[in-house]
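Undergrad: Give me a model of this one.
(one chain, ligands or ions: 1)
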Amino acid sequence: MISSAVKTVDLRVDRGGREVLHGLTFEVPRGEIVGLLGPSGCGKTTLIRAVVGVQIVKSGDVTVLGLPAGGADLRRLVGYATQTPAVYSDLTVLENLRYFGSVLGAPRDDADRVIEEVGLAKERDQVVATLSGGQLSRASLAAALLGTPELLVLDEPTVGLDPVLRQELWELFHELADRGVTLMISSHVMDEAARCGRLLLMREGVILADDTPGALRAHTGTDDLEEAFLRLIAEREEARA
Ligand SMILES: Nc1ncnc2c1ncn2[C@@H]1O[C@H](COP(=O)(O)OP(=O)(O)OP(=O)(O)O)[C@@H](O)[C@H]1O
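TA: I've put the predicted structure just below:
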């Protein structure tokens with residue numbers, strides 16, 4: 001059994017002619033919920049794209065479930081929900097999920113299972129174009145849950161959702177982790193950080209911290225993870241000066 005779900009070594013990525021990830025090295029243990037947090041533009045989506053294998057990398061290694069990122073063998077093992085929902089607007093929720101399920105070779109009743117899991121049972125026969133923003137992102141999340149992914153990579157899955165739905169989705173994420181699924185979830189909402197088992201805090205293309213919320217609180221001497229993040233930035237800037 002390979003112990004890490006994701007492993008990167010000195011990962012560097014250029015976008016738009018400049019380096020946006022500056023040599024990232026980290027490991028995500030299996031069965032863990034890892035929060036990828038940091039301000040807008042720090043490189044979260046770029047890192048996620050490298051993990052799911054759709055990003056050209058300049059140098060370094062990205063290994064997913066023991067295999068090179070992006071390989072055909074990983075297609076069924078990795079579920080990915082992008083920030084922009086990737087479902088067909090002229091099909092119903094159920095039709096979309098049946099279609100994606102068949103592409104993946106998932107059992108036919110899987111579509112109904114994932115619809116229940118994301119709380120879209122009432123909207124199952126609704127055309128996607130008529131869904132609200134939150135429903136649309138849940139439809140996209142449902143597609144990532146099809147089959148039996150061992151790693152779920154979710155780019156800001158709770159953006160625009162009300163607190164009750166966010167709570168329900170986090171319960172689902174924990175249930176999945178309890179079943180051994182690894183989740184890598186990006187967010188720029190610090191209150192979601194406390195719900196993760198581990199945190200990767202990013203800023204300007206580097207990792208500021210890779211630790212548990214508890215260890216981060218202890219290290220920075222504050223219970224507030226937002227404040228902890230600010231203290232880490234100040235610490236780094238002091239070290240640079
Ligand atoms: N297609 C592109 N061409 C040029 N630069 C890009 C491109 N995509 C992203 N970038 C740049 O790469 C950097 C990292 O972007 P990325 O989307 O990974 O950030 P992010 O942390 O996910 O941001 P957000 O939270 O706003 O989604 C940013 O400076 C961004 O401007």
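Undergrad: Model confidence for Thr130, exactly?
TA: In this model, Thr130 is scored at 96, pLDDT.
Undergrad: From the ligand, how far out is it?
TA: Distance, Thr130 to the ligand, by Cβ to the nearest ligand atom, to the nearest Å: 26 Å. Just so you know, the C-beta spots here come from the backbone N, C-alpha and C atoms, and that holds for glycine as well.
Undergrad: That residue: neighbour count?
TA: The local packing count at Thr130 equals 11, with neighbours defined by other Cβ atoms under 10 Å.
Undergrad: That one: what's it in contact with?
TA: Residues in contact with Thr130 (Cβ atoms under 8 Å, 6 or more residues apart in numbering): none are found.
Undergrad: Which residue does the chain have closest to the ligand?
TA: Distances between the chain and the ligand by Cβ to the nearest ligand atom are smallest at Gly16, namely 2.4 Å.
Undergrad: What's the local residue count around that residue?
TA: Neighbouring residues of Gly16 were enumerated by other Cβ under 10 Å; the total is 5.
Undergrad: Let's test this: what are the backbone torsions at it?
TA: Backbone geometry at Gly16, expressed as degrees, to the nearest 10, gives phi 60, psi 30.
Undergrad: I'd like to know how far it sits from Thr82.
TA: 19 Å (Cβ to Cβ, to the nearest Å).
Undergrad: try Leu36
TA: 14 Å.
Undergrad: So for these two, which residue has more residues nearby?
TA: Set side by side, Leu36 and Thr82 show unequal neighbour counts under other Cβ under 10 Å, the larger going to Leu36 at 29 against 18.
Undergrad: Mind checking what secondary structure the more buried one has?
TA: Recorded secondary structure, Leu36: strand (DSSP: H, G, I helix; E, B strand; the rest coil).
Undergrad: wait, what's in contact with it?
TA: Contacts here follow Cβ under 8 Å, 6+ apart; on that basis Leu36 touches Lys44, Leu47, Ile48, Met184, Ile185, Ser186, Ser187, Leu200, Met202.
Undergrad: which of these are close to the ligand?
TA: Contacts with the ligand are made by Lys44 out of these, judged by Cβ under 6 Å from any ligand atom.
Undergrad: Which one of the contacts of Leu36 is nearest to Ala139?
TA: Nearest to Ala139 among those, counting by Cβ to Cβ, is Ile185 at 17.6 Å.
Undergrad: Would you give the sheet partners of the strand or helix carrying the closest one, along with the direction of each?
TA: Counting by DSSP states H and E, the element that carries Ile185 is strand 182-187. The sheet places strand 182-187 alongside strand 33-37 (parallel), strand 151-155 (parallel), with pairing taken from DSSP bridges.
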